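Visitor: predicted model and sequence below, questions to follow.
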Amino acid sequence: MLLWLVLSALTLVTIDTRAGGSGVIGQIRAKAHDAFAPVQDATHSALRPVGNFFTGVVHYGELKSENARLRDELAKVRGQQLQAADAQRELQLLLDQQHLDFVGNIPTVAAQVVDTSSSNFELSVQVNRGTSSGVAAGMPVVAAAGLVGRVVEVSAKRATVLLLTDPTFSVGVRLTANGDTGVANGRGRDNPMTIDLVPPNTRLNHGDVLLTSGLQLERFPKGIPVGRVDAVKQQPGALQEDVTMNPIVDLSRLEFVQVLQWSPQ
């Protein structure tokens, strides 16, 4: 039927052209255009999604590139925020060490931890100060909370600090206000320190803070916080109490320390 209409329309158009395009034939030609208008509209509508698809492909590539650029910028901003937060945290750590009441008027050298010992036989850290900064072997090392250890090796630009949890480390501590003292000994990583020479019936409670005793020939000045009492046990007939203590400084998170320019009197 559609083919017949097309052929009829073409024939009429030809006749109308020869006749000058007037009269009845002109009217028929106009009606033929009107008849084919819906077909043309449908064709355009059918082809429009195809055009939109290719246009969308082009825009998709642009949007993808823009999204990638925005993600990169966001990552940079987040990185800058993290760096700023870390710098602020480090600044606060340094500020916390500017006024250590337990240091008194002892000169100090600020240092940053640059390496930790990977050996299970020695618990130590390296700091970025040495003899050129006035650091010497035997000097005590502290952090904001209290005792860290002592310098055992030193070069011009580096120093090795033996941590107080090392099995070879010991420090005299004051147990009570009445003058009782004991000796704290390291027992290795993640193990509480033991307190030797604690007289029987010494009044100690869980959480009590123990300070350096500062007795004559001690390696550390008096009054530096060392640790908190973890447990106290009284064995029948024993000549001393069993006391354990945890370091007051978190030695697993050391970043900045102060070396005390002090030697035993």
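Guide: Arrived safely, thanks for sending.
Visitor: contacts made by stretch 191-202 with the rest, please.
Guide: Stretch 191-202 has contacts (C-beta atoms under 8 Å, 6 or more residues apart in numbering) with 164-165, 173, 175-176, 180-187, 204, 210, 227, 230-231, 234, 238-247. Every residue, glycine included, has its C-beta placed from N, CA and C.
Visitor: send me that stretch as PDB with only the CA atoms.
Guide: In PDB, the C-alpha atoms belonging to stretch 191-202 read as follows (Å, rounded to 0.1, in the frame of the first residue of the first chain):
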ATOM      1  CA  ASN A 191      57.300  -7.300  79.900                       C
ATOM      2  CA  PRO A 192      56.800  -5.300  83.100                       C
ATOM      3  CA  MET A 193      60.000  -4.200  85.000                       C
ATOM      4  CA  THR A 194      60.700  -5.800  88.300                       C
ATOM      5  CA  ILE A 195      61.500  -3.900  91.500                       C
ATOM      6  CA  ASP A 196      64.200  -5.600  93.700                       C
ATOM      7  CA  LEU A 197      65.100  -4.900  97.300                       C
ATOM      8  CA  VAL A 198      61.600  -3.800  98.300                       C
ATOM      9  CA  PRO A 199      61.400  -4.300 102.100                       C
ATOM     10  CA  PRO A 200      58.400  -6.500 103.400                       C
ATOM     11  CA  ASN A 201      55.200  -4.600 104.300                       C
ATOM     12  CA  THR A 202      56.200  -1.600 102.100                       C
END
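Visitor: okay, domains of the protein per the record?
Guide: 2-93, 105-265 (automatic domain parsing).
Visitor: weakest of those domains in terms of mean pLDDT?
Guide: Among those, domain 2-93 carries the lowest mean pLDDT, at a mean of 57.
Visitor: helices of this structure, start to end?
Guide: Assigned by DSSP state H, the helices in the chain fall at 2-19, 23-96.
Visitor: burial of the residue lying closest to residue 122 once chain neighbours are set aside, as a residue count?
Guide: Among residues not flanking residue 122 along the chain, residue 166 sits closest, at 6.2 Å (C-beta to C-beta, 6 or more residues apart in numbering). Using other C-beta atoms under 10 Å, residue 166 has 20 other residues around it.
Visitor: against residue 186, how distant is residue 166?
Guide: According to C-beta to C-beta, to the nearest Å, residue 166 and residue 186 sit 5 Å apart.
Visitor: who's in contact with the closest residue to residue 112 other than its chain neighbours?
Guide: In this structure, residue 112 finds its nearest non-sequential neighbour in residue 128, 5.1 Å apart by C-beta to C-beta, 6+ apart. Contact analysis of residue 128 by C-beta under 8 Å, 6+ apart lists 111, 112, 114, 157, 158.
Visitor: the third one contacts residue 126, doesn't it?
Guide: I take that to be residue 114. Yes: when contacts are counted by C-beta atoms under 8 Å, residue 114 is listed as touching residue 126 (5.4 Å).
Visitor: who has more neighbours, these two?
Guide: Set residue 114 next to residue 126 and count neighbours by other C-beta under 10 Å: residue 126 wins out with 19 against 13.
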